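Enquirer: sharing a model prediction with you, sequence too.
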Amino acid sequence: FPPETPLFPAAATVLQYLENYTDHFGLRRFIQFSTLVTATKWSRVDALWKVSLSTGETLDFDSLVVSNGHYRRPRYPNIPGLHTWLSTGRAMHSAWYRRPEQLASYNKIVVVGGGPSAHDLCVDLTAVGKRVLQSIPSDPETYPPDSDLYRKVPRIASYKDNGELLLQDGTVEQGVDYVVLATGYEYSFPFISEPELVC
């Protein structure tokens, strides 16, 4: 990136960088756009990867590099009542969060998780005046201090139908309008038939 690029560049800046890099090194001839890998299989006989594409083609490759990351399939905790909150639109995974305006109609929001995404969400939402509870998995001393708009609470034991959350310490949090789950992602490589061959 040019020296003046911000630490967290906008998507358009990253795209421009990738396009410039591709053109500079003449890589376009090796890229097949708008194509999904639907399946891969290692052929022991040919010592090649057989790669099936959404175009209907199957191509052979000496090596297979999977670099699609794992920030795609959200991980949802297995907690009683959560499915109901998700299916009725009272909760979502942080994967779908973009900006505070999405949650403008809610006042009391619980952010579940203790990682960077959860922290960013709490900062984002309190900056626009939302009351935020952060359900954290560990020592509260490592998190920001409580304030008028921010408070730490224990993990959630169950989600009730009436806007109540039963916490693991036995207390009940009432009047919760919405829950954002910053609970990470699952590794998912459905196109690899023999994941033990990939390291």
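Expert: Sure thing, it's come through. These numbers were taken from a predicted model, which means no experiment stands behind them.
Enquirer: so which residues make contact with stretch 159-170?
Expert: Stretch 159-170 is contacted by residues 79-82, 84-85, 90-91, 110, 135, 153-158, 172-177, 179 when judged by Cβ atoms under 8 Å, 6 or more residues apart in numbering. For every residue, glycine as well, the C-beta is placed using N, CA and C.
Enquirer: from L48, how far off is the most centrally placed residue in the chain?
Expert: Centroid-nearest residue in the chain: A95, 4.0 Å away (criterion: Cα atoms, centre = their mean). Here the criterion is Cβ to Cβ, to the nearest Å. By it, A95 lies 35 Å from L48.
Enquirer: what's the answer for L166, then?
Expert: Distance of L166 to L48, computed by Cβ to Cβ: 54 Å.
Enquirer: ok, and the closest non-adjacent residue to the residue nearest to the centre of the chain?
Expert: P74 (4.8 Å; Cβ to Cβ, 6 or more residues apart in numbering).
Enquirer: next SSE downstream of the one helix or strand A12 maps to?
Expert: Following DSSP states H and E, the helix or strand that holds A12 is helix 11-24. Going down the chain from helix 11-24, the next helix or strand is strand 37-43, by DSSP H and E.
Enquirer: how about that next one: buried residues?
Expert: 37, 40-42 (16 or more other Cβ atoms under 10 Å).
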